[in-house]
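# Next come a sequence and a model predicted from it.
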Amino acid sequence: MTAAAAAVVKPRATGGTTGLARTTKVFWAAFALMALLTTMWSLASPIFSVPDENAHATKAIAQVRGQVLGYQVEGVKHTVVDLPPEYSYSQTIVCYLFAPEIPANCGFELGGDGGADWFPTWVSAYNPLYYYAVGWPSLILDGSAGIYGMRIISGLLCAAFAGLAFQVAMSVRRSRWMPLGLAFVFTPMITYFFGSVNPNGLEIASAAALWVSLLRLLQHFDGRDAGTVSSLSRRYLWFVVSISSIVLVTARSLGPLWLVLVVLLCFLACGWHPVKRLFTTPASYVGLAFIAAGGIFSIVWTLSGGSLSGQAEASDAPLVGATFLQGFAHTLRTTPDYLLQAIGFFGWLDTPLPVHVYWLFVAAFGLLALLAVATAGRRSLVTLAGIIGAAIFVPALVQGYSVGQTGIIWQGRYGLFLYVGVAIFAAWVLSGRDGRRVAYLAPRVTALAGSLLAVYAAFAFLLVLKRYVVGRGHPISLMFSDPTWQPPLGWIALASVFVLTTAAFAVWCVRLSVTPVEDDTTGVVDARAVSSGRAGSVPAASEAQAERLAPRELTHG
């Protein structure tokens, strides 16, 4: 790169304090909006209406009281944990499961008389970190209030990672499309799990933060294009990468595999040069050591704690005892169903939405993906194809490997960390040099797609509420005239806050797409001033002007 070109692309001194201060308000805005959405889902969903929540919640309740693994009872298939009297359990709590026409008022009250003081949880040997983080409200609150408290804490943890993802994403000048990409982290199926007692939510949140922060860190190590250099310090980026990786790798037993997959795809996206610089920079090994420690802990716990699935019986799941090819082929054939589940299939896979509602989400996602494909360069196309391929084939490979032992147990929510990666990477491509020809479309497309997602989220929230308030098959007017079940604060209050928050989030994303946090004129010096020795006295030019002045040097370094 020539001296003139180097001056053109020279970024502003990216002191961590300055960059952190400028992006802190983005973090808090994203955190607040996500916290509201997850809290509304936490309160709107009946107790244990989220898949496997009874198993996760009872483990957390027992674990924070000192019972980390539970014990075996003859004649009981799963490991048993003890429950205090205020959390006594009866299966009739979830009498509405798989019966969508039945509202949620039919159940036994958690902690009521006649409940059992134990629960056979199939997640007793799972990594304990998540359960310590979310289980402590049960020490303060009793019964249903304790479950709602644990849900809200889980949602706040997920909101923190969503805030970090937004903060890091908007810390570079070329970030106009990133709000739309990250808007898919705020879609209802994801926020539904964020607001539940289930490590699947924290797994998705940490993966989203990792996708963004690792891409930004690698761009920081590249440094050949000022428009992609984060104003956040390298140390701060390493912090986000490290904490996201540790949480992802410890959330569930397959976390180490998910971490490797995300890291490899980010390496593919950015190329060998920044990857080499990352591994040849001594300071990098501090973050790498923390990540390795988290990974080793996760693997050792999984192998020694017995959290790998045991041998299932034929009645537990389809294709128990099948071959690899049978499991692989079945999962591939079922991929459309998994995609639908990931878009929005609530409850224990017993609460779908009307088909026409899904098209709102599909239109928004398709618009972003098609624009990315139309503008992407060769490397970006290969990476995008790799992420999509991983989203399709990794579930098939994992299920093929384990089908003989577990049967077919994959669900669409397990692949959400990859589906989110597709949206984030598509926005990353459009925000980079490949997408500069369509940069002017960012506010318009964000407004259109964001509106579609906002309407979709509102419909999803209201329809799921209707299913529990009066049951499916009844007119929505019955929710007003004769609601059978009411969530805390009442369904009207929750729905109103949710719709207003969703609309506010869509408007905020459009504003971010119009004016990124880092001003487009930052740190770009007029090449003519450099050549005449007057660089210090000439105002900064626009990024587009810099690219016009020295395009070849900027492109090829």
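Perfect, I can see it now.
# Determine the set of other helices and strands touching the helix or strand G389 falls within.
Assessed by DSSP states H and E, G389 sits inside helix 378-406. Under the contact criterion of 3 or more CB pairs under 8 Å, 6 or more residues apart in numbering; DSSP states H and E, helix 378-406 touches helix 255-270, helix 324-333, helix 335-344, helix 355-375, helix 416-431. Backbone N, C-alpha and C define where each C-beta goes, glycine included.
# okay, those helices, which one's buried deepest?
Mean neighbour count (mean count of other CB atoms under 10 Å) peaks for helix 416-431 among the helices and strands packed on helix 378-406, with a mean of 26.
# The following helix or strand past that helix versus helix 335-344: what angle between them?
Of the helices and strands lying after helix 416-431 in sequence (DSSP H and E), the nearest is helix 442-469. For helix 442-469 against helix 335-344, the angle by axes from the mean of the first three to the mean of the last three CA atoms, to 10 degrees is 90 degrees.
# got the contact list for whatever helix or strand comes next after helix 442-469?
For helix 442-469, the succeeding helix or strand toward the C-terminus, using DSSP H and E, is helix 478-481. The contact list for helix 478-481 (CB atoms under 8 Å, 6 or more residues apart in numbering) reads 465-466, 469-470, 491.
# would you turn the helices and strands packed on helix 378-406 into TSV with mean pLDDT?
Formatted as TSV, these follow (pLDDT from 0 to 100):
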stretch	mean pLDDT
helix 255-270	96
helix 324-333	95
helix 335-344	95
helix 355-375	96
helix 416-431	96
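# who wins for proximity to I243 among those helices?
Closest to I243 of those, according to CB to CB: helix 255-270, at 12.6 Å.
# Name the residues that touch the closest one?
Residues contacting helix 255-270 (CB under 8 Å, 6+ apart): 127, 203, 207, 210-211, 214-215, 218-219, 222, 245, 248-249, 275, 291, 295, 298-299, 379-380, 382-383, 386-387, 390, 394, 398, 417-418, 421, 425, 428.
# repeat for stretch 391-398
For stretch 391-398, the external contacting residues (CB under 8 Å, 6+ apart) are 254, 257, 261, 327-329, 331-332, 335, 338, 410, 414-415, 418-419, 421-422.
# Could you name the helices and strands sitting against the host helix or strand of H220?
Assessed by DSSP H and E, H220 sits inside helix 199-222. Contacts defined by 3+ CB pairs under 8 Å, 6+ apart place helix 199-222 against helix 143-169, helix 178-183, helix 188-194, helix 234-251, helix 255-270, helix 272-279, helix 416-431.
# Can you dump the C-alpha atoms of the fifth one in PDB for me?
Extracted in PDB, the C-alpha atoms of helix 255-270 (Å, rounded to 0.1, in the frame of the first residue of the first chain):
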ATOM      1  CA  GLY A 255     -21.400 -26.400  23.000                       C
ATOM      2  CA  PRO A 256     -17.800 -27.200  22.100                       C
ATOM      3  CA  LEU A 257     -18.900 -28.400  18.600                       C
ATOM      4  CA  TRP A 258     -21.000 -25.300  18.100                       C
ATOM      5  CA  LEU A 259     -18.000 -23.100  19.100                       C
ATOM      6  CA  VAL A 260     -15.700 -24.800  16.700                       C
ATOM      7  CA  LEU A 261     -18.200 -24.500  13.900                       C
ATOM      8  CA  VAL A 262     -18.800 -20.700  14.400                       C
ATOM      9  CA  VAL A 263     -15.100 -20.000  14.700                       C
ATOM     10  CA  LEU A 264     -14.300 -21.900  11.500                       C
ATOM     11  CA  LEU A 265     -17.000 -20.100   9.500                       C
ATOM     12  CA  CYS A 266     -15.800 -16.700  10.800                       C
ATOM     13  CA  PHE A 267     -12.200 -17.700   9.800                       C
ATOM     14  CA  LEU A 268     -13.500 -18.600   6.300                       C
ATOM     15  CA  ALA A 269     -15.300 -15.300   6.000                       C
ATOM     16  CA  CYS A 270     -12.200 -13.100   6.900                       C
END
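# thinking again about what came up before, any chance of the helices and strands packed on helix 378-406 in TSV, plus distance to F166?
Compiled in TSV, the helices and strands packed on helix 378-406 are given as follows (distance: least, CB to CB, whole Å):
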stretch	distance to F166
helix 255-270	18
helix 324-333	33
helix 335-344	21
helix 355-375	16
helix 416-431	11
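# Hmm, S88 and F108 touching each other?
No - look at F108 against S88 with CB atoms under 8 Å: they stay out of range, at 9.1 Å.
# so what sits against both of these two?
By CB under 8 Å, 6+ apart, F108 and S88 have these common neighbours: 114-115.
# These two: who's more crowded?
S88 (20 against 17; other CB atoms under 10 Å).
# For that one, which non-adjacent residue is closest in space?
G115 (3.0 Å; CB to CB, 6 or more residues apart in numbering).
# OK, contacts around that neighbour?
G115 sits next to 88-90, 108 when contact means CB under 8 Å, 6+ apart.
# Please apply the same query to F193.
Contacts for F193 (CB under 8 Å, 6+ apart) come out as 50, 200-201, 204, 413, 416.
# Distance to C509 added to those residues, as TSV?
Listed next are those as TSV, based on distance: CB to CB, whole Å:
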residue	distance to C509
V50	27
N200	25
G201	21
I204	19
R413	24
L416	20
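# list the contacts for A283?
A283 is in contact with 234-235, 238, counting by CB under 8 Å, 6+ apart.
# Now list the buried members of those residues.
Listed as buried from the contacts of A283 are 234, 238; burial here means 16 or more other CB atoms under 10 Å.
# In JSON lines: the contacts of A283, plus distance to C270.
Conversion of the contacts of A283 to JSON lines gives the following (distance: CB to CB, whole Å):
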{"residue": "R234", "distance to C270": "15"}
{"residue": "R235", "distance to C270": "19"}
{"residue": "W238", "distance to C270": "15"}
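# which one of the contacts of A283 sits closest to W359?
W238 (41.0 Å).
# For Q405, see how far away R333 is.
21 Å (CB to CB, to the nearest Å).
# again, but for T79
17 Å.
# Compare those two (neighbour count), which wins?
Comparing T79 with Q405 by other CB under 10 Å, the one with more neighbours is T79, at 19 against 14.
# for that one, which residues make a bridge with it?
Going by DSSP bridges, T79 is paired in beta bridges with T121.
# Report the contact partners of it.
Counting by CB under 8 Å, 6+ apart, T79 has contacts 69-72, 120-122, 124-125.
# same deal with S196?
Contacts of S196 were listed using CB under 8 Å, 6+ apart, and they are 41-42, 45, 50, 53, 151, 154.
# try 10 Å
38, 41-42, 45, 48-53, 56-57, 134, 147, 150-151, 154-155, 158 (CB atoms under 10 Å, 6 or more residues apart in numbering).
# Could I get the phi/psi values of W118?
phi -150, psi 160 (degrees, to the nearest 10).
# how close does H273 sit to L397?
Distance, H273 to L397, using CB to CB: 30 Å.
# hmm, back to that, separate out the buried members of the contacts of T79.
Buried subset of the contacts of T79 (neighbour count, 16+ other CB under 10 Å): 69-70, 120-122, 124-125.
# which of these lies closest to R174?
The closest of these, once distances to R174 are taken by CB to CB, is A125, at 45.2 Å.
# thinking again about what came up before, take the contacts of A283 and write them to JSON lines, including pLDDT.
Below are the contacts of A283 laid out as JSON lines (pLDDT from 0 to 100):
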{"residue": "R234", "pLDDT": "92"}
{"residue": "R235", "pLDDT": "93"}
{"residue": "W238", "pLDDT": "96"}
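# out of the contacts of A283, which one sits closest to E101?
Of all those, W238 has the smallest distance to E101: 52.1 Å, by CB to CB.
# That closest one - nearest residue in space that isn't next to it in sequence?
Closest to W238 by CB to CB, 6+ apart is G287, at 4.1 Å.
# separation between that neighbour and V240?
10 Å.
# Identify the contacts common to these two.
Shared contacts of G287 and V240, counting by CB under 10 Å, 6+ apart, come down to L217.
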